[in-house]
Structure formats: C-alpha cells, structure tokens
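A.B. asks: Sequence and predicted model, in that order:
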Amino acid sequence: MTRRLFSLGLLLSAAAIAAGPAQEIKLWPNGAPGSEGITAEEVSRPSTNPKYQGLAANYTVTHYPGIYVFLPPREKATGAAMIVAPGGGHTQLVIDKEGWEIADWLNSNGIAAFVLKYRLARAPGSKYTVDKEVYADAARSVRLVRSRAPEWNVDPARIGFIGFSAGGEVVGMIETRFDAGKPDAADPVERVSSRPDFTASIYPSYRPGARNPDAPPLFPVPNDAPPAFLVCTTEDRSHVEPTVKFYLELESHHIPAEMHIYEAGPHGYALRPTSPKPLPVMNWPERLKDWLAYRNISR
C-alpha cells in the first residue's frame, strides 16, 4: 500500500510539473510605454501553494506588465472571458489570493481568465502613475485578449474585467475611459477596442477624496459604459461610500448595474472563508454567476 501511494504521489507530482505555471504574455513584447530603458528585475515572493508552483504570491516591484493565461477545459468553455486585476493598494499585487485563486474559480465556471500584472504606481520609488501607466496596462490587456480571442476560444464580444480593492480602481478607469482603437495603428493590437463588455468590482478602493460628497465624479461615465457588478460591505466603511457613489453615477447614465451591499465583512476576503464564522458576503460569487447568466454572458 505504501509503495502504491508513493507511486501515485510521483505520478501526481509529474503531472503538476508537466502542467507548469500559467503562461505569461507580455502586454508589449518590446517593452511598455513609460518603462523604456528599464532593465531592473521585478520583485516578488513565491507562492507557497503547491498548486501555484512557479508563480508568485505577490509582487512588490513590477516593470514589465503582462497577463497570465488560465483557460478552462475546451469542453467546459462558455466563450466568456475575464481579465483579473488583483489589489494591493498600488504598492503590491496580492496576486495569489486575488489572481490565481480567482482564475481557478472562473475556469471552474467555464470562463477563461487572464490575470493582469500591472505596474505599481505607489510602490517606494515608483515613477508610474495610476492614471497613465496603470490605465495603459488595463487598456492594453483588453485589446490583447480581444485581438487573440480565436486562439483562446474566447468570444470577442464577451470579454469582461474584474478587479479587487485597488484593482477595483483599475476597473473604474477601464469602465469609463475605453476607446474603439486606432484603425491606422502600426501595432495591430492597438487597432482593437479596449472597451470591456462587462465589469465586476469587488470591495473596490478608490483614490483619496472619493468619499467627499462635493468631489467631482470618481470617473466621468460615458453613455456607452459597459454593464457593471459591484460588491462591498458596510463594515468596510472607507470603501462602501465611494462604491455607492460610483453606482449612482452609473445609474444616472442609465448604465445597467447591480450592487450588493452586505452588512458584515472585512476588506480583502476574495474567495477565502471569513472567520470566526461564514458571512453572507461569501455568497458574492454565486450572485456574480447569477448576474452573468442573466446577462447571457456565461452561457
């Protein structure tokens, strides 16, 4: 029995090694605008989860934005896709909890996932900004996935964008600042639209001042902004108020939006169980599934 279990363990280990980590694809093969001339290494801590062997648990320095490709089994694929923006306050990317784990959940529901490694605007010594380089990374990720949709068995009209915490701020930008692409661009990826077909913001973090009722809109909402799904909790006080404000901005422009405000729940739960007991907010993935089905996105 011991020998049989040992042999089975070897087979499982070999399968895991054969599968390897998710494929990383640089958003700009020849270097990202704003990172020209940089040769420094990125800084990350390796994941301790055997399932994500070879992948990072987090990043604290990023210069070379890219996407990690997670595809569901072909027979299970719905054709829908989501780009995943982890959070971390723009000082780090919490890419295991809010990246790889989310990608696995999406794949389990037949949705292709593309985890975005974007540049960190508030890391010590960073010269990047949220409005410029981080936005550029988000827009490019949508263009790239759409431009390669046939290769990844993705419907180019069902590409969404989901973000957590600071990644929710990235969602807010791509929700409202997309464009149709440049038909005469030398780079074929830049000819493609950066508009996501739907978005999801989970406990989003918005910039300072967003709670001020007299402040200008968080993101000027165009009339063709995509449908949005939002989740937050009353307990997460500094995040619920600006999230409600953004929802109202969407509503005022007649953008289809669904918002769930739960009473209890700390910041940063993602898919992990809350303690000391499960809270209703942990049902948010099921609500997202319902919303995707209602909108005929995840068929």
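C.D. replies: That came through fine. This one's a predicted model, so the numbers in the text were calculated from it and none came from an experiment.
A.B. asks: hey, what's residue 229 bridged with?
C.D. replies: residue 200, residue 258 (DSSP bridges).
A.B. asks: and the gap between it and residue 297?
C.D. replies: For residue 229, the distance to residue 297 equals 10 Å [C-beta to C-beta, to the nearest Å]. In short, each C-beta sits where N, CA and C put it, glycine included.
A.B. asks: shared neighbours of the two, which are they?
C.D. replies: Counting by C-beta atoms under 8 Å, 6 or more residues apart in numbering, the common neighbours of residue 229 and residue 297 are residue 198.
A.B. asks: Spatially nearest residue to residue 224, not counting backbone neighbours?
C.D. replies: In this structure, residue 224 finds its nearest non-sequential neighbour in residue 195, 7.7 Å apart by C-beta to C-beta, 6 or more residues apart in numbering.
A.B. asks: Next up, the contacts around that neighbour.
C.D. replies: Neighbouring residues of residue 195 by C-beta under 8 Å, 6+ apart: 142, 178, 179, 180, 224, 226.
A.B. asks: Doesn't the fifth one lie inside a helix?
C.D. replies: Read that as residue 224. No: according to DSSP: H, G, I helix; E, B strand; the rest coil, residue 224 belongs to no helix; its state is coil.
A.B. asks: Burial check on it, number of neighbours?
C.D. replies: Around residue 224 there are 9 other residues, counting by other C-beta atoms under 10 Å.
A.B. asks: next one: the second one
C.D. replies: Burial measure for residue 178: 21 neighbouring residues, criterion other C-beta under 10 Å.
A.B. asks: distance of the residue positioned nearest the centre of the chain from residue 276?
C.D. replies: By C-alpha atoms, centre = their mean, the chain has its centre lying nearest to residue 84, at 1.8 Å. Residue 84 is 29 Å from residue 276, where distance means C-beta to C-beta.
A.B. asks: same question, residue 200
C.D. replies: 28 Å.
A.B. asks: Then residue 155?
C.D. replies: Distance of residue 155 to residue 276, given as C-beta to C-beta: 42 Å.
A.B. asks: Give me the below-cutoff pLDDT ranges for the protein.
C.D. replies: 1-21, 207-217 (pLDDT under 70).
A.B. asks: Which residue ranges of it form helices?
C.D. replies: Applying DSSP state H to the chain gives helices spanning 2-19, 101-108, 135-147, 166-176, 237-252, 284-294.
A.B. asks: what would those helices look like in JSON lines with distance to residue 57 and mean neighbour count?
C.D. replies: Compiled in JSON lines, the helices of the chain are given as follows (distance: least, C-beta to C-beta, whole Å; neighbours: other C-beta atoms under 10 Å):
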{"stretch": "helix 2-19", "distance to residue 57": "17", "mean neighbour count": "10"}
{"stretch": "helix 101-108", "distance to residue 57": "11", "mean neighbour count": "20"}
{"stretch": "helix 135-147", "distance to residue 57": "20", "mean neighbour count": "24"}
{"stretch": "helix 166-176", "distance to residue 57": "16", "mean neighbour count": "27"}
{"stretch": "helix 237-252", "distance to residue 57": "23", "mean neighbour count": "18"}
{"stretch": "helix 284-294", "distance to residue 57": "22", "mean neighbour count": "16"}
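A.B. asks: so which of those comes closest to residue 258?
C.D. replies: helix 284-294 (5.4 Å; C-beta to C-beta).
A.B. asks: and the closest one, what other elements does it pack with?
C.D. replies: Contacts defined by 3 or more C-beta pairs under 8 Å, 6 or more residues apart in numbering; DSSP states H and E place helix 284-294 against strand 198-202, strand 228-233, strand 257-262.
A.B. asks: Taking their axis directions, the shortest one and helix 101-108 sit at what angle?
C.D. replies: If I follow you right, that is strand 198-202. Counting by axes from the mean of the first three to the mean of the last three C-alpha atoms, to 10 degrees, strand 198-202 lies at 140 degrees to helix 101-108.
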